[in-house]
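Colleague: Sequence first, predicted model second:
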Amino acid sequence: MSKRMMLNRCLNAGLKTTTRLPQLSKLSLIRFYHPISTEYDNSEALLEPLEYKMDSVQSKILSHCIKEKVPHYGFTEKALVSSINDLGYDSTMLSIIGSPNSPSIFHSSPAVMELLKYNLVTKRYNLITAELREGLVNKQDIPSLETLLIQRLKMDKQLGPKALKSLMGQLSIPSQLLMEVALPELFRLSDDIIYFSKEKDHTDMAWYTKRLGLSLTYVTSKLFMTQDKSVDYEDTIEFAKWKLNKVMNLGDYYNNVEEYAWYTVMTSFNLIKSQISKY
C-alpha cells in the first residue's frame, strides 16, 4: 500500500497522523538561546523576520532605495517611489512592499515601515560573515566586541545626517514598529555581536546584563551619531569606544541606567518632534 493511500485511510478514520517534517524546517522556527549555524542556513534566501527572499522584487526595491535614495530623501515614501520608478516597476509595488505592516498614526506608510525593518535586519545579518557563522576562522581572527560594534555603526555612515535623523526619529516613536521590530532587532544584534566576538559568554544573570549594556551602548552611540558633525563620524567612533569600555569593562551596568535614560529621552523627544512636525 502506498504512503498516500495509508495517509488517506488515517484521515478518513479520524486518526492523528505523525507525518515527519524535515529537521531543518523545525529548527528554522526556533530562536535559540545562543546563535547557532542552523539559524543561518540558506540565509541568503530568507532573512527572518523579513517575509520575502533576497532575490524578490521587494528586496531589490528596498535595497536600491537604501543605497541610492535614502541618503537624499531619508526614510520616506518619496524615496521608495523614486526607486520604484528607477527600476521600472509599477507604482502599485508600494502597497505590496508595505503589505506585512499595519499603518499607525505616526507611520502613515506601511511601506516606509518595511524600509526601516529591511535596513535593520539586512545590516544585522551582513555584520556577521559566513566564515564566522560557520566557525571557519582561527581563534586569533575572531573579532573583538568593540570591532563588531564599530563595524555596525559604520554601516550607517552612507545614509547621511538627514537619513540618520529620520531613522532614529521614527524608531523612537512609541508604536507597533518599535515594540515588534526595533527592540527585538536591537536585542538580536547585541546577542549576535557578543556571541560571535571574543567576549566571554555567560548563561546566568550576566547574560542579560551584558546584552543590556551593549544595547544601551549601541543606541546611545547611534543617537550621538545623529548630532555628530565631525569628519567621517570620528567623534561617534570615539564616543562608542569610551561608552563600551565604561559599561562593559568597568562593570558599570546599573550606574549608567539613569544617565542613559535621561539622555535617550531628551534626544528622542527632539527627534520625535521633528518627525511629528512633518505630518
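Modeller: Right, received. Where do you want to start?

Colleague: Quick check: Asp228 touching Thr236?
Modeller: Yes. Counting by CB atoms under 8 Å, Asp228 does reach Thr236; the two are 4.7 Å apart. (C-beta placed from N, C-alpha, C; glycine too.)

Colleague: More neighbours: the two, which one.
Modeller: Remark: of Asp228 and Thr236, Thr236 carries more neighbours, 23 against 18, as counted by other CB atoms under 10 Å.

Colleague: any idea how far the more buried one lies from Lys123?
Modeller: Thr236 is 16 Å from Lys123, where distance means CB to CB, to the nearest Å.

Colleague: ditto for Ile97
Modeller: Counting by CB to CB, the gap between Ile97 and Lys123 amounts to 18 Å.

Colleague: Can you verify Asp90 is assigned to a helix?
Modeller: No. Under DSSP: H, G, I helix; E, B strand; the rest coil, Asp90 sits outside any helix and is assigned coil.

Colleague: Return the per-residue confidence for it.
Modeller: Note on Asp90: pLDDT of 92.

Colleague: Next, the contact list for it, please.
Modeller: Taking CB atoms under 8 Å, 6 or more residues apart in numbering, we find Asp90 in contact with Ile84.

Colleague: Please state the backbone phi and psi of it?
Modeller: Phi and psi for Asp90, reported as degrees, to the nearest 10, are phi -70, psi 150.

Colleague: Ser95 reaches Ala111, doesn't it?
Modeller: Yes. The criterion here is CB under 8 Å, and Ser95 meets it with Ala111 at 7.4 Å.

Colleague: Compare neighbour counts for these two and give me the winner.
Modeller: Ala111 (27 against 11).

Colleague: so what's the more buried one closest to, chain neighbours aside?
Modeller: Leaving out its chain neighbours, the residue that sits closest to Ala111 by CB to CB, 6 or more residues apart in numbering is Gly98, at 3.5 Å.

Colleague: How much space separates the one you found from Ser144?
Modeller: From Gly98 to Ser144 the distance is 39 Å (CB to CB).

Colleague: neighbour-wise, which of those two wins?
Modeller: Legend: neighbour count by other CB under 10 Å for Gly98 and Ser144, higher for Gly98 (21 against 12).

Colleague: any idea how far that one lies from Leu148?
Modeller: Taking CB to CB as the measure, Gly98 falls 31 Å from Leu148.

Colleague: Return the residues in contact with Thr76.
Modeller: Residues counted as contacts of Thr76 (CB under 8 Å, 6+ apart) are Val112, Ser166.

Colleague: Now the lengthiest helix in the chain - C-alpha only, CSV.
Modeller: In the chain, taking DSSP state H as the definition, the longest helix is helix 205-227. Taking Å, rounded to 0.1, in the frame of the first residue of the first chain, the C-alpha atoms of helix 205-227 are listed here in CSV:
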residue,chain,number,x,y,z
MET,A,205,22.1,36.8,35.0
ALA,A,206,25.3,38.2,33.5
TRP,A,207,23.9,37.1,30.1
TYR,A,208,21.1,39.6,30.4
THR,A,209,23.2,42.4,31.9
LYS,A,210,25.9,42.1,29.3
ARG,A,211,23.4,42.3,26.4
LEU,A,212,21.6,45.2,28.1
GLY,A,213,24.9,47.0,28.5
LEU,A,214,25.8,46.5,24.8
SER,A,215,22.3,47.5,23.7
LEU,A,216,22.5,50.8,25.7
THR,A,217,25.9,51.5,24.2
TYR,A,218,24.7,50.9,20.7
VAL,A,219,21.6,53.1,21.0
THR,A,220,23.3,55.9,22.8
SER,A,221,26.1,55.9,20.1
LYS,A,222,23.5,56.0,17.3
LEU,A,223,21.8,58.9,18.9
PHE,A,224,25.2,60.6,19.3
MET,A,225,25.8,59.9,15.6
THR,A,226,22.7,62.0,14.6
GLN,A,227,24.2,65.1,16.2
